[in-house]
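> no letters, just coordinates:
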C-alpha cells in the first residue's frame, strides 16, 4: 500500500466519482497549497502539511485571517474585473478548489467567461479536473510551473482556450511569495504581462512581514524551509514593483481586506499580512 493510501483523503469528485490519486504526491513533505487548504479548513492535506501549518498558526490568529482575506480578495477582484468586461482569466497557482473559485465568480457575470487554471501540485490538478468536468469548454486545468512562464504561455490548453488578441486578466493570488529572488520573480511577471494585449489586467496578492516582528518573520519563514517551496515575504515597496508600467486601480496597493471591501472594516484589516492590488495594462 502506498503512502497516500494510508492517509484518509477524500478521493471523490463533487459528482461522486472516485478520483485516481496522483503517484507523485510526496505526502511526507509539506506543500504550500495543501497547507493553505488546511488554513481554510479544508481536508485535502496530509499529516506533514497539518503539522507545518499548525506551527505557522501558532504564531497568531492572523495566519488564518490572512488566508480567508486572500480568498475574499480573489472573489471581489474577479467579480470586479468581470464587471469591467473581462471574459478571459489566466489563474496561475490556483490552489486546491474550494467554494467561490475563479470560474464560478466570473461566470456569474459572464456565463461564457473562460478560465485557464495553472498549477504544479498533483492534488490541485486532480481535484480541479474533477470539479471542472462538464464545464463545456469554458475552463481548463494545466500542469505547469510559474517559474517557467514561457511554458505556461505556450501550453496548448491555454492557447486553445484563451485568445491573447483580447484582454486577459492575469491572476497571481498568494503565489509570488513562493518565488525567491534567484528565480527572478519580477522577470517572471514582466514576461507574462508582456504577452498580454493592451486592456488586460494583473491582479495579485503577496505575503508580507511588514506587520510582523523579526522573531515572527523568522519563525514563519523557517517552517516553509522544510516545504516544497520556501516563503519569501516582501515589503509594500517590493510588491509595488510588480505593477511597474501598469495603471493601478483604486484603492491602489493595500492590505487584502481593504481592497474594495464589501463589509465594514475590522480592526485587523490594516495589518493583515497580505498586500493586494489590481492594475490595467495601458
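That came through fine. Since we're looking at a predicted model, the values are computed, not measured. Numbers count the residues shown, from 1 in each chain.
> in the chain, what helix or strand scores lowest on average pLDDT?
helix 122-131 (a mean of 75; mean pLDDT, DSSP states H and E).
> report the buried residues of that helix.
Buried positions in helix 122-131, judged by neighbour count with 16 or more other C-beta atoms under 10 Å: 122-131. The way it works is simple: take the backbone N, C-alpha and C, and place the C-beta from them, glycine included.
> contacting residues for residue 223?
Residue 223 makes contacts with 30, 52, 55-56, 231, as judged by C-beta atoms under 8 Å, 6 or more residues apart in numbering.
> among these, which lie within helices?
52, 55-56 (DSSP state H).
> picking up where we left off before, show the subsequent helix or strand relative to the least confident helix or strand of the chain.
Taking DSSP states H and E as the definition, the helix or strand that follows helix 122-131 towards the C-terminus is strand 139-143.
> my read: residue 91 touches residue 175, true?
No. Applying C-beta atoms under 8 Å, one finds residue 91 not in contact with residue 175, separated by 9.7 Å.
> mean confidence score for stretch 218-235?
Mean pLDDT, stretch 218-235: 81.
> that stretch: how far from the chain's middle?
16 Å (C-alpha atoms, centre = their mean, to the nearest Å).
> quick thing: my sequence starts at 27, can you match it?
Sounds good: first residue 27 from here, last item stretch 244-261.
> what comes up buried for that stretch?
Buried positions in stretch 244-261, judged by neighbour count with 16+ other C-beta under 10 Å: 246-247, 249-250, 253-260.
> next one: stretch 278-288
Buried residues in stretch 278-288, defined by neighbour count with 16+ other C-beta under 10 Å: 279-285, 287.
> can you show me the strands along the chain?
Using DSSP state E, the strands of the chain run over 114-118, 140-145, 165-169, 195-199, 227-233, 273-274, 280-281, 300-306.
> before we move on, back to that, tell me which two of the contacts of residue 249 sit farthest apart.
Distances among the contacts of residue 249 were taken as C-beta to C-beta; the most separated pair is 81 and 257, at 12.3 Å.
> where does the stretch 77-226 of the chain have low pLDDT?
125, 159-162 (pLDDT under 70).
> if we use 90, what do you get?
Applying pLDDT under 90 to the stretch 77-226 of the chain flags the ranges 78-79, 81-94, 120-127, 146-163.
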